[in-house]
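# Sequence and predicted model, in that order:
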Amino acid sequence: MGEELRRRLLLAKELQQKEDIEQDLPTGMFRGFVNDFQTPDRVDRSLSRFRRMDSQPNFSITTESLMELGDWIESIERGSSLGEESLCKTGLQNFPWLKYSCRRPAWAEALLRTIGRDLVLLSADRKTMLVVFEEEYEYIAFTASDLT
């Protein structure tokens with residue numbers, strides 16, 4: 001299979017996933033996809049550091065409740081100040097980030113249901129980041145600020 005065909009098939013698949021995300025996120029929360037910037041190198045470096053086995057998370061929680069997990073993420077966000085509108089990494093190659101409002105009730109739970117239980121959240125000014133990973137028996141979170 002040629003590279004061009006592979007790229008077209010990926011785009012077709014991701015267009016459907018993009019549409020699903022648009023429909024699944026609450027209207028007042030979803031602000032659109034952001035494709036006009038590359039993921040900053042400092043964000044990628046921080047993610048690499050957070051993924052290392054020897055990295056100590058800033059926060060952790062053991063829960064199976066999506067509501068409790070969402071509340072936990074929202075409480076961390078209040079301390080890290082992502083801002084009223086933030087970015088969330090989608091995992092899609094063609095539509096890598098979406099913009100959302102984190103002032104809507106239960107916004108974190110909505111992202112968890114739609115994007116998944118591993119979240120990379122970035123402030124609109126790209127200076128503050130909150131990352132949540134699902135581990136075997138717990139969730140861990142890392143924060144970074146002044147990503148300049």
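Received, thanks. Numbers count the residues shown, from 1 in each chain.
# Can you point out the buried residues in the helix or strand of the chain with the lowest mean pLDDT?
Within the chain, no helix or strand scores below helix 41-51, which has a mean of 89 by mean pLDDT, DSSP states H and E. Residues of helix 41-51 classed as buried by neighbour count (16 or more other C-beta atoms under 10 Å): Val43, Ser46, Leu47, Phe50. From N, CA and C alone the C-beta is placed, and that goes for glycine too.
# Same question for the helix ranked longest in the chain: list its buried residues.
What stands out as the longest helix in the chain, according to DSSP state H, is helix 3-24. Neighbour counts over helix 3-24 (16+ other C-beta under 10 Å) mark Glu14, Lys18, Ile21 as buried.
# Arrange those residues in a markdown table, one row each, with distance to Asn94 and pLDDT as further columns.
Formatted as a markdown table, the buried residues of helix 3-24 follow (distance: C-beta to C-beta, whole Å; pLDDT from 0 to 100):
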| residue | distance to Asn94 | pLDDT |
| --- | --- | --- |
| Glu14 | 5 | 95 |
| Lys18 | 8 | 96 |
| Ile21 | 12 | 96 |
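# nearest to Glu109, of those residues?
Ile21 (15.0 Å; C-beta to C-beta).
# Surely that closest one and Thr114 touch.
Yes. Counting by C-beta atoms under 8 Å, Thr114 is a contact partner of Ile21 at 5.7 Å.
# so how many other residues sit close to the nearest residue to Arg103 once chain neighbours are set aside?
Nearest residue to Arg103, sequence neighbours excluded (C-beta to C-beta, 6 or more residues apart in numbering): Glu84, at 5.4 Å. Using other C-beta atoms under 10 Å, Glu84 has 9 other residues around it.
# these two touch, right, Glu84 and Ser101?
Yes. Using C-beta under 8 Å, Glu84 is in contact with Ser101, at 6.3 Å.
# where along this protein do the strands fall?
Along the chain, counting by DSSP state E, strands occupy 30-34, 59-61, 85-89, 97-101, 119-123, 128-134, 139-145.
# Switch these over to TSV; also include mean pLDDT, mean neighbour count and distance to Glu74.
Formatted as TSV, the strands of the chain follow (pLDDT from 0 to 100; neighbours: other C-beta atoms under 10 Å; distance: least, C-beta to C-beta, whole Å):
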stretch	mean pLDDT	mean neighbour count	distance to Glu74
strand 30-34	93	16	17
strand 59-61	97	16	12
strand 85-89	94	22	12
strand 97-101	95	20	12
strand 119-123	95	22	11
strand 128-134	95	22	10
strand 139-145	94	19	11
